[in-house]
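In: my questions concern the predicted model and sequence given below.
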Amino acid sequence: MSSPHPFHGGVAVITGAAGGIGRGVARAAAAQGMRLVLADIAAGPLQAIADELTATGAQVLAVPTDVADPGALDRLADAAFERFGAVRLLVNNAGIEMLGASWELSAEQWKRAMDINVLGPVNGVRAFAPRMIADTNPSTIVNVASIGALVQRAGQTPYIMSKHATLSFTECLFLEMKEAAPHIQVAAVLPGPVATRIFADAPGGDNPATVDQQRSDMSTIVAEGLDPDEAGRMILEQAAAGRFWIATHPEGLRTAADRRIAFLTGLGDPSTPGPFKT
Ligand SMILES: NC(=O)c1ccc[n+]([C@@H]2O[C@H](COP(=O)([O-])OP(=O)(O)OC[C@H]3O[C@@H](n4cnc5c(N)ncnc54)[C@H](O)[C@@H]3O)[C@@H](O)[C@H]2O)c1
């Protein structure tokens with residue numbers, strides 16, 4: 001008889017769970033017998049995935065949540081701990097793209113990108129970590145960055161910048177937990193292209209020419225990307241294996257890392273690595 005999955009019976013909290021990669025992680029976690037706390041800003045699609053997984057026999061709590069709002073994450077954590085008692089896995093996944101040249105985006109758009117992509121995971125950690133630290137059973141915090149955290153790209157600057165920040169946050173958080181709470185594993189997910197709505201739904205700046213070109217180019221790339229349910233299974237399995245670097249495209253991640261090393265070693269200007277394709 002095979003041994004039970006390491007996460008079996010534990011509680012998974014997933015932000016951005018109503019679509020794409022987050023929904024894939026939710027389905028994978030339910031398939032491994034986890035109980036689920038699902039959060040998303042889109043209340044209708046959130047209820048749809050909650051109903052789908054409840055119908056399979058999973059215990060699910062769905063909480064409409066804007067990860068940019070620190071108070072909403074505090075309320076999510078209160079609801080999760082009150083309903084289920086302990087959290088085994090926190091996946092800070094919610095994120096948005098943003099298209100257009102840096103000077104074509106409004107101050108509000110810049111702030112929104114940083115509030116969701118950078119401070120979203122921070123808000124999740126602030127809300128959940130104290131109670132995960134106090135519970136001395138093992139648990140895992142997973143922050144979803146991107147292979148974009150290792151590259152430079154024009155026309156998506158808030159996104160690329162935010163993912164560099166998310167990776168940096170996750171690296172530092174790993175060290176903090178190693179010192180303060182070694183029973184908490186910290187991991188960074190750096191996905192390559194996954195076939196989701198992230199570019200279709202991305203807000204853009206005030207120049208349709210640059211926005212439409214980016215949206216069209218990138219939508220084509222992700223449409224040919226990995227199935228989000230497969231990405232969800234890969235993320236769950238690598239988190240369960242205790243990995244720090246979690247990949248959906250291991251070769252793409254290796255290539256991006258090697259190019260970053262070469263770029264920094266060469267100290268050329270940011271055009272020297274050339275366009276990156278996973
Ligand atoms: N799809 C890819 O190719 C790819 C590649 C690298 C990294 N990522 C990262 O994976 C994560 C998930 O992206 P995806 O491709 O599944 O995108 P997606 O747009 O398909 O799904 C994102 C989900 O997050 C939700 N969301 C958006 N803003 C929110 C907010 N403020 N609060 C709560 N929920 C919010 C959306 O409603 C949606 O359900 C993101 O962090 C993204 O940057 C995706």
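Out: Structure received.

In: any idea how many residues pack against Ala72?
Out: Ala72: 18 surrounding residues under other CB atoms under 10 Å. The C-beta positions use only the backbone N, C-alpha and C, and glycine is treated the same way.

In: just the buried residues of the helix or strand containing it, please?
Out: Assigned by DSSP states H and E, Ala72 belongs to helix 70-84. Using 16 or more other CB atoms under 10 Å as the test for burial, helix 70-84 gives Pro70, Ala72, Leu73, Leu76, Ala77, Ala79, Ala80, Phe81, Phe84.

In: show me what from the stretch 101-250 of the chain comes close to the ligand.
Out: For the stretch 101-250 of the chain, the residues in contact with the ligand (CB under 6 Å from any ligand atom) are Ile116, Val144, Ser146, Pro191, Pro193, Val194, Thr196, Arg197, Ile198, Asp201, Val222, Gly225.

In: which among these count as buried?
Out: By 16+ other CB under 10 Å, these give Ile116, Val144, Ser146, Pro191, Pro193, Val194, Thr196, Ile198, Val222, Gly225 as buried.

In: is the last one in contact with Arg197, as I believe?
Out: The reference is to Gly225. No. Counting by CB atoms under 8 Å, Gly225 does not reach Arg197; the two are 11.9 Å apart.

In: residues making contact with the longest helix seen in the chain?
Out: If you go by DSSP state H, the chain has its longest helix at helix 157-180. The contact list for helix 157-180, computed with CB atoms under 8 Å, 6 or more residues apart in numbering, reads 95-98, 101-102, 105, 109-110, 113-114, 117-118, 121-122, 125, 133, 141, 143-146, 148-153, 184-188, 190, 244.

In: among those residues, which ones are in strands?
Out: Counting by DSSP state E, those place Ile141, Asn143, Val144, Ile184, Gln185, Val186, Ala187, Ala188, Leu190 in strands.

In: just for the chain, where's the confidence low?
Out: 1 (pLDDT under 70).

In: quick check: Arg260 touching Leu150?
Out: Yes. Counting by CB under 8 Å, Arg260 does reach Leu150; the two are 4.6 Å apart.
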